[in-house]
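In: how does the following fold in three dimensions:
(2 chains)
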Amino acid sequence: MNDKVEIAEWWAKNPMTYGQTHGVAEYSDGAFTPGTEEFFNRVDREFFDWNRPLHDKRPFGLLFPYDEFPAGSRVLEIGCGMGTMSSLWSRAGAEVTAVDLNPFAIEMTTKRFEIFGLRGDIRREDANALPFDDGQFDYVYSWGVLHHSPNLEKSVSEMMRVLKPGGAFGIMLYNRSSIWQWYCTEYVEGFLHNERRFLAPVALTSRYGDGYREEGNPHTWPVTKEEMAEMLRRYSHDLKFKIFGTELDSVFRTMLPVIGLKLPRLVKKAWARHFGWSLWMHGHRS
Amino acid sequence: MVKTVGIYWNPLKDYEAASGGNPLRLFRKVVHYKANPRSAEYMKSLFLERHPGGDFIDKDAIDGWLETVACADFVALLYPDSIGLRFGGVEKAVFKKAKKDAVIVALNGRKRELALDSSTLGALRLRRFLERTMLFEFVLSAVFLVASPVLVVYDLLRGRR
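Out: Numbers count the residues shown, from 1 in each chain, chains lettered A, B, ... in the order given. Predicted coordinates:
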């Protein structure tokens, strides 16, 4: 079966709802019907909570360059999922285009925009072959998506092609040089649970990436800062990286007996800053 | 006709039920969480998919479960987790009771089937010891206690807090 078909189908059946079980819209306060206003509000609350350190007075205000791209700016999101982030940009007045390979994501984002009266061009597209003109967008971003399909380099190349010179980009990918990868995936699942006897590295990381407590997902391959620097340097003169580890709170609780419950915030932040699971890279197109 | 039995047991259910702030109970809850054991329904479905027509035996539900092993040609020990935590006693009893030429395997909650030869059993025993004692995690905690101040100071010197 074609990789991309398998990947799109898997994510359509198991969307990222940020629920207690991957793919299911159930949270500590109950279940929600996908596609309803209550569901979208609940998804957003959970997603924002997971990423608390990244907000200022606006959600993701410490990452997204809202002030640099005022109302009317042309913004593209690659991998819109349930539409949380694209709705933020639409509310900020941007002309939003949101794409995803997963038909359920397109259905949900379209419904969300209708329910909340937002404007946007939402369509099912392949990040490897975007149907947009060169330099069409002012700001292009992708959050936790491109590591879930092969041909990352092609996706990045397309992203940069449709971004205008001087425009800005932001990409979040999973970080292979992280505590999550080393401890949770390679030590606990790979060695302790003997899974590396059966699974090659990409299969192991896919199985124990998103949806790891159930059956894993078809493809996850995290990156390193060095790999992305090499890939992006040709496109950007001011490339910067930031690592964050909003997952480390829960990892430390199982990884460090006793002290994991008592680590001061300053210490957790230091470890997250160097060895967190999320690698955010941003800059301007040369 | 090959007689196949699958022996299911969930020794971690007391770990899951552990409650209260008692350190030992909290410890067991963490072990349970990391082991991520599958339910009886999941294991039964997996066993019958792999061995249609086999007899699924819940060790806790049947007093004479060991007798079913004595006449089986193929015995699958159904580990709800990956490595059969606390299955050591069951393995010994099964190996003692089974026919000399019976095939004995483990089918685990990650859908892997393992032939239980001496090398595999040795590897499993090491992993069970590490998982139940969290020895590696205690060593890691000591490393963290030493490394954390160094990392914090390094960041403070670079103006990052």
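
In: quick one: residues contacting the residue in the stretch 101-250 of chain A that chain B sits nearest to.
Out: The nearest approach of the stretch 101-250 of chain A to chain B comes at A:H193, 3.6 Å away (C-beta to the nearest C-beta). The way it works is simple: take the backbone N, C-alpha and C, and place the C-beta from them, glycine included. Contacts for A:H193 (C-beta atoms under 8 Å, 6 or more residues apart in numbering or on different chains) come out as B:81-83, B:110, B:127.

In: which one of the residues you listed sits in the busiest neighbourhood?
Out: Each of the contacts of A:H193 was scored by neighbour count (other C-beta atoms under 10 Å in any protein chain shown); the top score is that of B:S82, with 26 neighbours.

In: you'd agree A:L173 is up against A:T220?
Out: No - under the criterion of C-beta atoms under 8 Å, A:L173 makes no contact with A:T220, lying 10.0 Å away.

In: now do the shared contacts for these two.
Out: A:H147.

In: report pLDDT for B:M1.
Out: In the prediction, the pLDDT value recorded for B:M1 is 79.

In: distance of it relative to chain A?
Out: 30 Å (C-beta to the nearest C-beta, to the nearest Å).

In: can you give me the neighbour number for that residue?
Out: B:M1 sits with 5 neighbouring residues when counted by other C-beta under 10 Å.

In: same thing with A:K164?
Out: When neighbours are defined as other C-beta under 10 Å, A:K164 has 16 of them.

In: once you drop chain neighbours, what's closest to it?
Out: Taking C-beta to C-beta, 6 or more residues apart in numbering or on different chains, and ignoring the residues beside it in sequence, A:K164 has A:G135 as its nearest neighbour in space, at 3.9 Å.

In: I'd like to know how many residues surround the residue nearest to B:A98 when sequence neighbours are not counted.
Out: Across the structure, with C-beta to C-beta, 6+ apart as the measure, the residue nearest B:A98 apart from its sequence neighbours is B:V69 (5.2 Å). The number of residues packed near B:V69 is 22, by other C-beta under 10 Å.

In: ok, A:F116 - contacts?
Out: Taking C-beta under 8 Å, 6+ apart as the test, what A:F116 contacts is A:37, A:40, A:87.

In: buried members of these into PyMOL, please.
Out: Filtering those down to the buried ones (16 or more other C-beta atoms under 10 Å in any protein chain shown) takes a single PyMOL command:
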select buried, chain A and resi 40+87
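
In: closest to chain B among the contacts of A:F116?
Out: Where these are concerned, and distances follow C-beta to the nearest C-beta, chain B has its nearest neighbour in A:F40, at 29.9 Å.

In: figure out how far the longest helix anywhere in chain B is from the centre of its chain.
Out: As assigned by DSSP state H, the longest helix anywhere in chain B is helix B:135-157. Using C-alpha atoms, centre = their mean, to the nearest Å, the mean C-alpha position of helix B:135-157 is found 30 Å from that of the whole chain.

In: mind listing residues that contact that helix?
Out: With C-beta under 8 Å, 6+ apart as the contact definition, helix B:135-157 has outside contacts at A:183, A:187, A:192, A:255-260, A:263, A:266-267, A:270-271, A:273-274, B:129-130, B:161.

In: enumerate the residues of chain A near chain B.
Out: A:183, A:187-189, A:191-195, A:197-198, A:213, A:253-260, A:263, A:266-267, A:269-271, A:273-274 (C-beta under 8 Å from any C-beta of the partner chain).

In: of the residues you listed, grab the buried ones for PyMOL.
Out: Filtering the residues of chain A next to chain B down to the buried ones (16+ other C-beta under 10 Å) takes a single PyMOL command:
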select buried, chain A and resi 183+187+188+189+192+193+194+195+254+255+256+257+259+260+263+267+269+270+271+273+274
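
In: in helices, which of the residues of chain A next to chain B fall?
Out: Among the residues of chain A next to chain B, the members falling in helices are A:253-255, A:266-267, A:269-271, A:273-274 (criterion: DSSP H).

In: in a markdown table, list these along with pLDDT.
Out: What follows is these, written out as a markdown table (pLDDT from 0 to 100):
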| residue | pLDDT |
| --- | --- |
| A:R253 | 89 |
| A:T254 | 90 |
| A:M255 | 92 |
| A:L266 | 91 |
| A:V267 | 94 |
| A:K269 | 93 |
| A:A270 | 94 |
| A:W271 | 96 |
| A:R273 | 94 |
| A:H274 | 96 |
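
In: distance to A:D56 for these - can I get that in TSV?
Out: Formatted as TSV, the entries for these read as follows, by distance: C-beta to C-beta, whole Å:
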residue	distance to A:D56
A:R253	27
A:T254	31
A:M255	30
A:L266	20
A:V267	23
A:K269	16
A:A270	21
A:W271	23
A:R273	18
A:H274	23
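
In: closest to the centroid, which residue in chain B?
Out: Taking C-alpha atoms, centre = their mean as the criterion, B:G84 is the residue nearest the geometric centre of chain B, at 2.6 Å.

In: chain B: strands as residue ranges?
Out: For chain B, the strands defined by DSSP state E occupy B:4-8, B:55-58, B:74-79, B:103-108, B:113-115.

In: next, format those strands as CSV and append mean pLDDT and mean neighbour count.
Out: Written out in CSV, the entries for the strands of chain B read as follows (pLDDT from 0 to 100; neighbours: other C-beta atoms under 10 Å in any protein chain shown):
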stretch, mean pLDDT, mean neighbour count
strand B:4-8, 97, 24
strand B:55-58, 96, 18
strand B:74-79, 98, 24
strand B:103-108, 97, 20
strand B:113-115, 96, 15
